[in-house]
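S.K.: With the sequence up front, the predicted model follows.
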Amino acid sequence: MIACGCEVCTSIDKKDNRFRSSILVESATTKLVIDTTPDFRSQMLRANVKQLDAVVFTHPHKDHIAGLDDVKAYNFFSGKPMQAFANEMTQEVIIREFPYAFADTRYPGTPEIKLNTIATESFFVGDIPITPVSVWHMKMPVLGFRFGKFTYITDANRIDEIEKEKIKGSEIIVLNALRKEKHISHFNLDGAINLVNELQIPNAYFTHISHQLGLHTAINDSLPKGMELAYDGLQLSL
């Protein structure tokens, strides 16, 4: 956290040093990211991602879309527009925030982005099947995504019963858990733990973590069996 001197922000443990929440999903032939955070450029450089086929967006908040301009590097090397999958609400914000990318006359070097509308129906990116899961970020509808037996949900504090059915049967879930105290639009740690238990998912990783949650090692050691804090660079095989 900028300007903060708390024990988390001054920790020398690399797991306490986090970029904004995003994941890279890859198969044998396809690579996509969920959200382009303000740290997108640094995340792609750190992970040495040379190929990127698509971006899939959860919602239009700044910490999930602000890095979109940097897809222009992939445009340059691939010679193709970046495929972006988002609901209509998110597309409206993207066009407003990056108008130069969608202008009738585009200057050289601006990103080339092909918007694809998604809603509640399952879809494919390359050979990767994706099922949207609608969740609530206070009053804002946000999309989580299920990939086979893996589900990713960030920026949520409530999930309707019908959408929970889409999550059940997952073997792994990545779920936001902002802090210990209750929050108006995010699950707190207890809320995230309770949801994992309710849905009977055997393996859970908590993400979108605030420095208010506490030191990674201390919190991780206190979690129930099968639950862990996620960290930058974590890799899972599905």
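M.R.: Great, that's in hand.

S.K.: what sits up against the top strand by length along the chain?
M.R.: As assigned by DSSP state E, the longest strand anywhere in the chain is strand 128-137. With contact meaning Cβ atoms under 8 Å, 6 or more residues apart in numbering, strand 128-137 is reached by 25, 27, 30, 32, 56, 59, 61, 85, 118-124, 141-148, 151, 153, 155-160, 163, 166-167, 185-186. All C-beta spots, glycine's among them, are computed from the backbone N, C-alpha and C.

S.K.: Filter these down to the ones in strands?
M.R.: Judged by DSSP E, the contacts of strand 128-137 include 25, 32, 56, 85, 123-124, 141-147, 151, 153 as members of strands.

S.K.: now the residue of the chain most remote from its centre, what's its secondary structure?
M.R.: What lies farthest from the middle of the chain is residue 105; by Cα atoms, centre = their mean that is 31.6 Å. Secondary structure, DSSP: H, G, I helix; E, B strand; the rest coil: residue 105 is coil.

S.K.: Could you tell me the per-residue confidence at it?
M.R.: pLDDT, residue 105: 88.

S.K.: go on, the one 10 residues further on?
M.R.: Note for residue 115: predicted pLDDT of 98.

S.K.: Just confirm it is within a helix.
M.R.: No. Under three-state DSSP, residue 115 falls outside any helix and is assigned strand.

S.K.: buried residues in the longest strand of the chain?
M.R.: Neighbour counts over strand 128-137 (16 or more other Cβ atoms under 10 Å) mark 128, 130, 131, 132, 133, 134, 135, 136, 137 as buried.

S.K.: related to what we said a few turns ago, any idea how far the residue farthest from the centre of the chain lies from residue 76?
M.R.: Remark: distance between residue 105 and residue 76 (Cβ to Cβ, to the nearest Å) = 19 Å.

S.K.: do the same with residue 6
M.R.: 40 Å.

S.K.: And the helices in the protein, which stretches?
M.R.: Assigned by DSSP state H, the helices in the chain fall at 40-47, 62-65, 72-78, 88-97, 161-167, 189-199, 216-222.

S.K.: Pull the residues that contact the longest one.
M.R.: If I follow you right, that is helix 189-199. Against helix 189-199 from outside (Cβ under 8 Å, 6+ apart): 157, 159, 164, 167-168, 170, 173, 175-177, 179-180, 182, 187, 204, 206, 213, 219, 223-224, 226-227.

S.K.: mind saving the C-alpha coords of it as PDB?
M.R.: This file holds the C-alpha atoms of helix 189-199, laid out as PDB (Å, rounded to 0.1, in the frame of the first residue of the first chain):
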ATOM      1  CA  LEU A 189     -11.900 -13.900   5.600                       C
ATOM      2  CA  ASP A 190     -14.700 -15.600   7.600                       C
ATOM      3  CA  GLY A 191     -17.200 -15.100   4.800                       C
ATOM      4  CA  ALA A 192     -14.800 -16.700   2.200                       C
ATOM      5  CA  ILE A 193     -14.100 -19.700   4.500                       C
ATOM      6  CA  ASN A 194     -17.800 -20.200   5.100                       C
ATOM      7  CA  LEU A 195     -18.600 -20.100   1.400                       C
ATOM      8  CA  VAL A 196     -15.900 -22.700   0.600                       C
ATOM      9  CA  ASN A 197     -17.300 -24.900   3.400                       C
ATOM     10  CA  GLU A 198     -20.900 -24.500   2.200                       C
ATOM     11  CA  LEU A 199     -19.900 -25.400  -1.400                       C
END
